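A.B. asks: What follows is a predicted structure for the sequence shown.
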Amino acid sequence: MAKKLNVLFLCTGNSCRSQMAEGWCRHLKGDVIEPYSAGIETHGLNPNAVKVMAEAGVDISKQYSKHLDQVKEMDFDYVVTVCGHANENCPMFPGKAKVIHVGFDDPPALAKNAKTEQEAIDCYRRVRDEIRTFIEQLPERLEGC
């Protein structure tokens, strides 16, 4: 049996996008990828991210917001930054980790201007689905970078 790839999804607060990416990856690619997520800071798990992932059949409610320091000694094959801030502030990783940036819009920022709760949740759903599409292309997409 081949060794799973260790992939870290990194964003600013490890509250939404990186959590969704970890959840999708565990759900869709858990047989070939061991996913992790962390943030440059910790902002806690976003309840709307948990809600929209549950709608799609993925439970991330047991995940928690982790600081990069909690995982920086791990041997990652890939570090995927999912926001511009994390990409700009991504530290060097020891070993063979290849850093790849795949930016996604920030659902809380998108939802800020929503006129209704439904409109706000739709922002989270859109980003959730974009992340799923990206995860469905793994690991081939990572290896092609």
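C.D. replies: On my side now, so go ahead.

A.B. asks: measure the closest residue to residue 135 other than its chain neighbours to residue 82 for me?
C.D. replies: Leaving aside its sequence neighbours, residue 135 sits nearest to residue 24 (C-beta to C-beta, 6 or more residues apart in numbering; 4.2 Å). (Glycine included, C-beta is placed from N, CA and C.) Going from residue 24 to residue 82 by C-beta to C-beta, to the nearest Å gives 11 Å.

A.B. asks: which residues are in contact with both of those two?
C.D. replies: Residues touching both residue 24 and residue 82 by C-beta atoms under 8 Å, 6 or more residues apart in numbering: residue 131.

A.B. asks: about what we covered before: surely the residue nearest to residue 135 touches residue 133?
C.D. replies: No - using C-beta atoms under 8 Å, residue 24 is not in contact with residue 133, being 9.5 Å away.

A.B. asks: Counting neighbours, go ahead and name the busier of those two.
C.D. replies: It is residue 24, of residue 24 and residue 133, that has more neighbours when counted by other C-beta atoms under 10 Å, with 25 against 10.

A.B. asks: Centre-most residue in this structure?
C.D. replies: residue 18 (2.0 Å; C-alpha atoms, centre = their mean).

A.B. asks: Pull out the buried residues from stretch 121-129.
C.D. replies: Of all the residues in stretch 121-129, those buried under the rule 16 or more other C-beta atoms under 10 Å are 121, 122, 123, 124, 125, 127, 128.

A.B. asks: quick one on the thing from earlier: surely the residue nearest to the centre of the chain touches residue 37?
C.D. replies: Yes - Residue 18 is within contact range of residue 37, at 3.9 Å (criterion: C-beta under 8 Å).

A.B. asks: Over to residue 138: give its phi and psi.
C.D. replies: With angles defined as degrees, to the nearest 10, residue 138 sits at phi -90, psi 150.

A.B. asks: Mind telling me what element the closest residue to residue 145 other than its chain neighbours is part of?
C.D. replies: Among residues not flanking residue 145 along the chain, residue 100 sits closest, at 4.9 Å (C-beta to C-beta, 6+ apart). Using DSSP states H and E, residue 100 falls within strand 98-101.
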